[in-house]
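**Student:** Sequence first, predicted model second:
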Amino acid sequence: MALAETQTDVKTFTAAELYQRIVADTPTFIVDVRNEEDFGRWGVEGRNSLEVINVPYFDFIEDEDGSVAKVPADRNEVLVVCAKEGSSQFVAEILQSHGITARFLEGGINTWGNLYDVRPVESNAYGQIIQVARPARGDLSFVVVSQGQAAVIDPLRHIDHYLNVLNTHQAQLTHIFDTHAHADHISGGPALARKTGGRYFMHAYDAIHPLDMLPARIDYNHIVDGQKFQVGHYTIEVIWFPGHTLGQVNYLFTDPDGKSCLFTGDGIFLKSFGRPDLGGRGEAWAPIVYDSIYNRLPPRINKDTLILPAHFSVMNEDNGQGVFAETYEWVLAHNDALKYAQKQDFLDFVLSHLPKFPPEYVEIKRANAGLLIPDEEKASELELGKNICALSD
Amino acid sequence: MTVAFDQTLDVKGAKCPMPLVKTRKAINGLPVGAVLQVVATDRGSIADFKGWVKAAKNVELLQQETVENNGTALYLHYVKRTA
Ligand SMILES: [Fe+2]
Ligand SMILES: [Fe+2]
């Protein structure tokens, strides 16, 4: 049996390569060798051609042949994943010694959890829309650049990625927009404002922690429904969209030709919408979501408005190229959660499709309100795994 | 409660998978019924030892404890060879 301490020629793969394979739907076979408990908490998710099995590395210590046999014989290559790196290298070496081509994930599973993917959504004479995704979490954020100015919508915790985009486009960040007080991830907004001097905006209703009933201790500029901003060629309008939180807003960007896109946050997603219960008031807030979806939003946008949400639940919600944006017309046709003609049917559907309430979401909201300052270890622990902001299937 | 043990294995500083690779080796060298104390610094060893004893046929995990030693946490695992 090969030991991990000896030098071998087993090759590695990176989280970025893994994501490229997932986006392209390249057949990929992953053996996750973490213990069952960690594997059960979160792991690599992809689309159709990604297969993941869990065989803990200590199973290979106890029963090498039996564990190796769990890899189907016809797989061209096995990608091995573990917590840090050592165990996946150990297992990859064992697989290689059994004649199976194997590589292991450089840096361990956290490099997958912390992977950011930057890709253009749209580019024209007026400016660029750039999607900044954290795929393992299903988190989406955006940078809009126009005439050397930039706005960021729902920035995630690792702000270097936005600074790089701004640098690439030689743009000055003037507006940092959070759609709401996030529960699933720590906002990069306040940090980005301190770093760049850009102004940080959110709705005042979300500056009160809904369970603690305590006011936020962060620097923010409050916004109101209908308020307008200008960033380069784009006119930006705030559309209040309460229900997921009381202060959630959508940001409508319109170019001089009247073409528009809407950053919905945890309002409507491409295939679902933001759950109403994370403030602890699901039954009271569900009818508010209904009014936002069916009454507040429709008169303010048109069928060609591009919808850009803050999350995806499954990879297949993308356009096949890693971009999560569709027209409002498309969303209305493909999002079953938006098809309830009767309010009562809608409410019955919503309240019977609430996923579990992750206890750490209360803490994350505290962090976003500045009521708690987590260190790096605490922050990454709070953000482990995929968001659960949408309704369940 | 402290567990009586017959031998101790120091895997401080060792990272996954070495604590368990070495523990398996040490257990194989012990007589049936003997208890091994494993001293680890890898926090992941707690869950890994729990999972490992489910997969392993001739071991039982008697106890796990965490102790402070000069500011570093030590994870102690008491493993008995049962067959
Ligand atoms: Fe949210
Ligand atoms: Fe969210």
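**Tutor:** Great, that's in hand. Numbers count the residues shown, from 1 in each chain, chains lettered A, B, ... in the order given. Ligands and ions are numbered 1, 2, ... in the order given.
**Student:** low-confidence ranges in chain A?
**Tutor:** Scanning chain A with the threshold set as pLDDT under 70 gives A:1-8.
**Student:** Quick one: list the elements packing against the longest helix anywhere in it.
**Tutor:** The residue-count maximum for a helix in chain A (DSSP state H) belongs to helix A:86-97. Applying 3 or more C-beta pairs under 8 Å, 6 or more residues apart in numbering or on different chains; DSSP states H and E, one finds that helix A:86-97 makes contact with helix A:57-62, helix A:64-68, strand A:78-81, strand A:102-105. All C-beta atoms are positioned from the backbone trio N, CA, C, and that covers glycine.
**Student:** now it: how far from the chain's centre is it?
**Tutor:** 31 Å (C-alpha atoms, centre = their mean, to the nearest Å).
**Student:** Not counting it itself, show me its contacts.
**Tutor:** Residues from elsewhere that reach helix A:86-97 (C-beta atoms under 8 Å, 6 or more residues apart in numbering or on different chains): A:1-4, A:8, A:10, A:31, A:33-34, A:55, A:57, A:60, A:64, A:67-68, A:71, A:78, A:80-82, A:101-105, A:108, B:15-18, B:21.
**Student:** The one residue in the stretch 51-200 of chain A that gets nearest to ligand 2: which element?
**Tutor:** In the stretch 51-200 of chain A, no residue comes nearer to ligand 2 than A:Asp184, which is 4.2 Å away by C-beta to the ion. Using DSSP states H and E, A:Asp184 falls within no helix or strand.
**Student:** now do the one 10 residues further on
**Tutor:** Element membership for A:Arg194, per DSSP H and E: helix A:189-196.
**Student:** Which strands or helices does the helix or strand following that helix pack on?
**Tutor:** Counting by DSSP H and E, the element after helix A:189-196 in chain order, helix or strand, is strand A:199-203. Secondary-structure packing of strand A:199-203 (3+ C-beta pairs under 8 Å, 6+ apart): strand A:172-177, helix A:189-196, strand A:221-223.
**Student:** any chance of those in JSON lines, plus distance to ligand 1 and mean neighbour count?
**Tutor:** As requested, those are exported to JSON lines (distance: least, C-beta to the ion, whole Å; neighbours: other C-beta atoms under 10 Å in any protein chain shown):
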{"stretch": "strand A:172-177", "distance to ligand 1": "14", "mean neighbour count": "22"}
{"stretch": "helix A:189-196", "distance to ligand 1": "13", "mean neighbour count": "19"}
{"stretch": "strand A:221-223", "distance to ligand 1": "17", "mean neighbour count": "15"}
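**Student:** Determine which of the ones you listed approaches A:Asp336 most closely.
**Tutor:** Across the helices and strands packed on strand A:199-203, A:Asp336 has its closest neighbour in strand A:172-177 (28.7 Å, C-beta to C-beta).
**Student:** Now do the closest one against strand A:199-203, angle only.
**Tutor:** Per axes from the mean of the first three to the mean of the last three C-alpha atoms, to 10 degrees, the angle that strand A:172-177 makes with strand A:199-203 is 10 degrees.
**Student:** and for strand A:172-177, what are the contacting residues?
**Tutor:** For strand A:172-177, the surrounding residues in contact (C-beta under 8 Å, 6+ apart) are A:148-155, A:162, A:166, A:189, A:192-193, A:196-202, A:229, A:231, A:236, A:251, A:263.
**Student:** again with stretch A:309-316
**Tutor:** Residues outside stretch A:309-316 that contact it (C-beta under 8 Å, 6+ apart): A:22-23, A:45-48, A:135, A:138-141, A:154, A:179, A:182, A:184, A:263-272, A:318, A:324, A:386-387, A:389-390.
**Student:** my guess is A:Asn250 meets A:Phe263, correct?
**Tutor:** Yes - under the contact definition of C-beta atoms under 8 Å, A:Asn250 touches A:Phe263, with a separation of 6.3 Å.
**Student:** what's the overlap in contacts for those two?
**Tutor:** With C-beta under 8 Å, 6+ apart, A:Asn250 and A:Phe263 have common neighbours A:Thr179.
**Student:** State the helix or strand in which A:Pro287 lies.
**Tutor:** Using DSSP H and E, A:Pro287 maps to helix A:282-291.
**Student:** For that helix, output the C-alpha coordinates as CSV.
**Tutor:** Taking Å, rounded to 0.1, in the frame of the first residue of the first chain, the C-alpha atoms of helix A:282-291 are listed here in CSV:
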residue,chain,number,x,y,z
GLY,A,282,-43.5,32.5,7.6
GLU,A,283,-47.3,32.7,7.8
ALA,A,284,-47.4,36.4,8.2
TRP,A,285,-44.9,37.1,5.4
ALA,A,286,-46.0,34.6,2.8
PRO,A,287,-49.0,36.8,1.8
ILE,A,288,-46.5,39.7,1.4
VAL,A,289,-44.4,37.6,-1.0
TYR,A,290,-47.6,36.9,-2.9
ASP,A,291,-48.3,40.7,-3.3
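**Student:** how long is stretch A:70-90 from one end to the other?
**Tutor:** Start-to-end span of stretch A:70-90 (C-alpha to C-alpha, to the nearest Å) is 16 Å.
**Student:** do the same with stretch A:229-239
**Tutor:** 12 Å.
**Student:** how far does that stretch sit from the chain's center?
**Tutor:** Stretch A:229-239 has its C-alpha centroid displaced from the chain centroid by 24 Å (C-alpha atoms, centre = their mean).
**Student:** Having no further points to raise, I will conclude here.
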